[in-house]
Structure formats: structure tokens, C-alpha cells
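Student: One predicted model, sequence on top.
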Amino acid sequence: MINDMMTNFELYQPASVEDALALLDRNGEDAWKLAGGNDSLDWFKDRIIRPKVVVDLTGIPELKGIRPAADEIEIGALTTLTEIERSPIIREKYGLLADAARKVASPQIRNSGTLGGNVAQDARCWYYRDGFPCYRAGGNTCYADTPTAMNREHTLFGANRCVAVSPSDTAPALVALEAKMTIRNAKGQRIVEAKDFFIGPSVDITRMTILTPKDILTTIRIPGKWAGAQFYFEKVADRKVWDFALVNVASAMIVKGGVIERVSIACGGVECVPRYLTVVADIVRGASALVMCTPEYHGGLSSVIKLVIENMGFPSAMAGKPVALLGVAAGRIGAIKSLEMLRSICSHIGCLVLPGPVSVAGVNKAFDEGGSVLDPAVEKSVRGVATTVIDYLHRHVCPRVALEAMVREDAPA
């Protein structure tokens, strides 16, 4: 690997978005956009990316700054992560984004790194970054998708040839906050939801976002609907600084009277795009009882479940609800560890853990890809977990509900 010098390129430093767009339109795929430079300079020095033209956007004033509005806040794409982390209005109204920005890399990188650069950065796969001819680089194989490869940081969901994940810490926060991304090119402007800004390999394996070489992400707008909400951000990584997430979780909740009225949750580091959890909280709030199950996979998915459960408000939306536990894994020890993790979390947040938890080893043989049970003995055990929940509801919940209904019916108008 050659790391001594960059290849030659023409450097342009436009003073306006219009000038930058004209340069990108003229040079097309030969041009490279430069924001904070932390990601770009690595590519250049390793000679993996060899642009003929570099368009430096840092001299464009309208791409910087935090601008409050009546029903939203607008953030220039070239606003540094340090500015976001320290902004009084963001910390007061949209603390989730400030918390996420604070978890990115190191203080030195946050001083120059930008919000737009963080969300638009490329995949962090070891093989892709080292110049291997993988699918994402135009080849015909994935070097990370083997049992002996370096892939601990890679996807748990949505793999399609490439198994790299979205590496951004701020992306899940923006998705949870339902931010809108403003994108401009020489033909005009369009605004997209944050959750639609990121794309997976099934859409285009060469890109992580919808940005094309001629596009510029100009601003990020956060709607006022989440201003002042209850926020939580957690990042799990091998190191606490200068490292990418194994998993992170961002949540925004509107809580009134101890009840979650609205909730938005997104995970990062588990899929090629930030994973928006659309149904988790709704299921929990509306359920009379729950069967909880999580596979143990290098601690990754268990960490996601743990963070989601622990941050469904305070008191938790699951507090006081009966829960039956089902742990599954490839091996027996992993299945037992999965159960132990679930029991610990549920007890901590005040769930009523029902007796008779079940652990299932050999998950790849016990279930097919659609989740259907293949082993009759396993099916019997799983049905036993459901029966435990139903029996509890019949004994302790349904009689009480029926009695209350009868009292209401007999009460005078």
C-alpha cells in the first residue's frame, strides 16, 4: 500500500453554491467534493480515490451555521460537529443531535469534521478501504462476508452482496428526529426525509446515500415537533474515542403523565442504512403481555435490543407488563446468555418476568429463513412460552377486565 503522496488534481475553491454546482456539473464523475476533509484525505493519501478535480466547499458561507426558524431549525451541511455539540439551542431543544455529535471520533476530528460529511461518508469496511476489488468497488465478491473475515462491525440486517454498515453516529439521530435534507444540483433543489437519504446496496452498491457526483447537501432541517422531547443516545464501540460504533441507538420521546405519546427510534451500525424502528414502541404500548426473544450474535443484536428496551421512557413502557422469555443462539451457551441478558433487562425496568423461560440452541437448524420452526421439539417449546403468557392473561388480566366491564354496564346512566 502506497501512503507517501497524493496523485495530482486541480483544486477549486468556489465562494458560492452556484459556482460549486457549475464546477460539479462541468466535471461530473471526475470531480470530488471536499468538506472537512477527514475522510477525503485518507482516500487521497492511500491513492484509492484519484480525482482529477477537487471542489473545496469550505469557503461557502451559506453552507455553514445554525439558524433557528419558527417551526424548525436549519443547520448548514458544513457546520462542524463541535459547533453542533456546543450550540445552546441544539442542546436545549434537540439534545439528541448534540449527544450524537459528541460521540463522533475525537475532539480534533470534530473541530474540522462537518455534519454533512459525517452523514455522507463512505463505507468503513477494511477490505473496501484497502482497495480490494469487492462488489462495492466494482468487483465480483465480498471479502468481508466469510466466517474468518474481519466483519465484526458489519451488518446484521439487509445484506445484499455488501455487508458494510452506515458508519455515521449523527445519522440515527437525524432519522429519529425526522430531519429533512436539502440537496441542490445544477437542475434545481429537492428535499428528502433523512430516512430516505441513505440507500442500501440493493439500490446502488457504489453509494451509501442518494447523493450523486453533481449533488451538494446544503442544509439539514429538524422539525419543531421533537423540540424539547425526552432524548437518549447510546453508542457501543470497542473504544470510547476515535472509533466507529458496533451499534448505536437514538430515541426521541414525548412523554406526558408517565405515558409515551410519541416515540421515534433509530439504530446505527447494524445495517447499510440507519435502521428506523417503526413498530417497536407501538407494539409495547398496546400489548397486554409480551414474549421477548433475541438471538445472541457476537453481542451485536443483543446490544440493540438492550438499548431499545432500556430507553422506552421512564418509567418504561414495559414496566409492570408480564413478559415470557425465549433465548435463541447457534450454541447452547449463547442461548443461555441471551436469556440471562433478557431477564436482567426486564427485571431492571420493572417487567413481571413469567416463569418457564426457554432457550433454543442450533437456531440455524431449528428455524428457516422466514422464521418458521423446523424442529417439532422446538415448536413445542416455543408454543409453551406463548401458552404461559395466555394462561397468565386468563388468570390475572381477563377476569379483572370482565369484572370492570360488568360494573360499568350495571352502573346507572
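Tutor: Done, it's in. Residues are numbered from 1 along each chain as shown.
Student: Just the element for Val55, please.
Tutor: Following DSSP states H and E, the helix or strand that holds Val55 is strand 53-56.
Student: any idea of the mean pLDDT for the helix or strand that that strand is followed by?
Tutor: Counting by DSSP H and E, the next helix or strand C-terminal to strand 53-56 is strand 66-68. What strand 66-68 shows for mean pLDDT is 96.
Student: Could you identify the helix or strand that succeeds strand 66-68?
Tutor: Following strand 66-68 toward the C-terminus (DSSP H and E): strand 72-76.
Student: Report all helices and strands that that next one contacts.
Tutor: Judged by 3 or more Cβ pairs under 8 Å, 6 or more residues apart in numbering; DSSP states H and E, the packing partners of strand 72-76 are strand 66-68, helix 88-93, strand 216-223. Just so you know, the C-beta spots here come from the backbone N, C-alpha and C atoms, and that holds for glycine as well.
Student: Determine which stretch of those is the most buried.
Tutor: strand 216-223 (a mean of 22; mean count of other Cβ atoms under 10 Å).
Student: rewinding a little: mind giving me the packing neighbours of the strand holding Val55?
Tutor: Going by 3+ Cβ pairs under 8 Å, 6+ apart, strand 53-56 lies up against strand 10-12, helix 17-27, strand 31-34.
Student: can I get the helices and strands packed on strand 72-76 in TSV with distance to Asp368?
Tutor: Shown next, in TSV, are those (distance: least, Cβ to Cβ, whole Å):
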stretch	distance to Asp368
strand 66-68	50
helix 88-93	46
strand 216-223	41
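Student: of all those, which lies closest to Val353?
Tutor: helix 88-93 (37.4 Å; Cβ to Cβ).
Student: helices or strands up against that closest one?
Tutor: strand 66-68, strand 72-76, helix 95-102.
Student: Turn the ones you listed into TSV, including distance to Gly158.
Tutor: As requested, those are arranged in TSV below (distance: least, Cβ to Cβ, whole Å):
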stretch	distance to Gly158
strand 66-68	33
strand 72-76	28
helix 95-102	21
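Student: Determine which stretch of these is the most buried.
Tutor: helix 95-102 (a mean of 24).
Student: With only the CA atoms kept, save it in PDB.
Tutor: What follows is helix 95-102, C-alpha atoms only, in PDB (Å, rounded to 0.1, in the frame of the first residue of the first chain):
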ATOM      1  CA  GLY A  95     -30.100  17.400  22.600                       C
ATOM      2  CA  LEU A  96     -30.200  14.100  20.800                       C
ATOM      3  CA  LEU A  97     -28.200  15.500  17.900                       C
ATOM      4  CA  ALA A  98     -25.700  17.200  20.300                       C
ATOM      5  CA  ASP A  99     -25.200  13.900  22.200                       C
ATOM      6  CA  ALA A 100     -24.600  12.100  18.900                       C
ATOM      7  CA  ALA A 101     -22.200  14.700  17.600                       C
ATOM      8  CA  ARG A 102     -20.300  14.400  20.900                       C
END
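Student: which residues are in contact with that helix?
Tutor: With contact meaning Cβ atoms under 8 Å, 6 or more residues apart in numbering, helix 95-102 is reached by 81-82, 84-87, 90-91, 110, 115, 118, 169-170, 172-174, 176-177, 222, 226, 229, 231-233, 248, 250-252.
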